[in-house]
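S.K.: output the structure for:
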Amino acid sequence: MSTWKLNFDSEESVASSTLISLFIEVEIKDVKMEDILDVDVLFLAIQEQGYLPLFTCSCGNFSCGGYYVKVSHLDGGICFSDRYKPVDNPSEADLIEPFECELSWKELYLVASEVYDKLIEISKSYPSYEIGCGAFGEDVLNKIDRYELLLKELRNRFND
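M.R.: Numbering: from 1, shown residues only. Okay, here's the model as predicted:
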């Protein structure tokens, strides 16, 4: 099993006077992943499997420079594997680079909680602002209640 290291940076966005741009860099097995983590897709991976657009361009537009990662749910956790081109309906033919990282449900919970806590911290510092992934990303703060429910669901997976 491997853990992720998250590096957070945020700033007031050039796109809007009420948007905070959040940049989350991820290191997996001491290798810095290209592009930034898409918060919404991280939480989506708790419930969904398949090719997910987990990393996006720092501008916040996936088609500009992100990539898909294959997500598989296991009995004891989750597996993130391989980088795939940002095309419609990616398949094995769209492989860019192989890699694999398994996280237990508890490790995924810790990663997702760290992201959630950062969103809460930023929202308290900027109470009337939206928070987007990347310079021009869509607001993820409007889904904070959903993220909280997904964290509870995730915690139940390793507490049962």
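S.K.: who are the contact partners of Gly134?
M.R.: Ser21, Leu22, Phe23, Ile36, Thr56, Cys57, Ser58, Cys59, Gly60, Asn61 (CB atoms under 8 Å, 6 or more residues apart in numbering). All C-beta spots, glycine's among them, are computed from the backbone N, C-alpha and C.
S.K.: those in helices, which ones?
M.R.: Among those, the subset assigned to helices under DSSP state H is empty.
S.K.: now distance to Asn156 and pLDDT too, for these, in JSON lines please.
M.R.: Shown next, in JSON lines, are the contacts of Gly134 (distance: CB to CB, whole Å; pLDDT from 0 to 100):
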{"residue": "Ser21", "distance to Asn156": "33", "pLDDT": "97"}
{"residue": "Leu22", "distance to Asn156": "27", "pLDDT": "98"}
{"residue": "Phe23", "distance to Asn156": "31", "pLDDT": "98"}
{"residue": "Ile36", "distance to Asn156": "29", "pLDDT": "98"}
{"residue": "Thr56", "distance to Asn156": "29", "pLDDT": "97"}
{"residue": "Cys57", "distance to Asn156": "34", "pLDDT": "95"}
{"residue": "Ser58", "distance to Asn156": "34", "pLDDT": "95"}
{"residue": "Cys59", "distance to Asn156": "36", "pLDDT": "93"}
{"residue": "Gly60", "distance to Asn156": "32", "pLDDT": "92"}
{"residue": "Asn61", "distance to Asn156": "34", "pLDDT": "91"}
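S.K.: can you say which two of the residues you listed are spatially most distant?
M.R.: Leu22 and Asn61 (14.6 Å; CB to CB).
S.K.: so where's this structure shaky on pLDDT?
M.R.: Low-confidence segments of the chain (pLDDT under 70): 1-2, 160.
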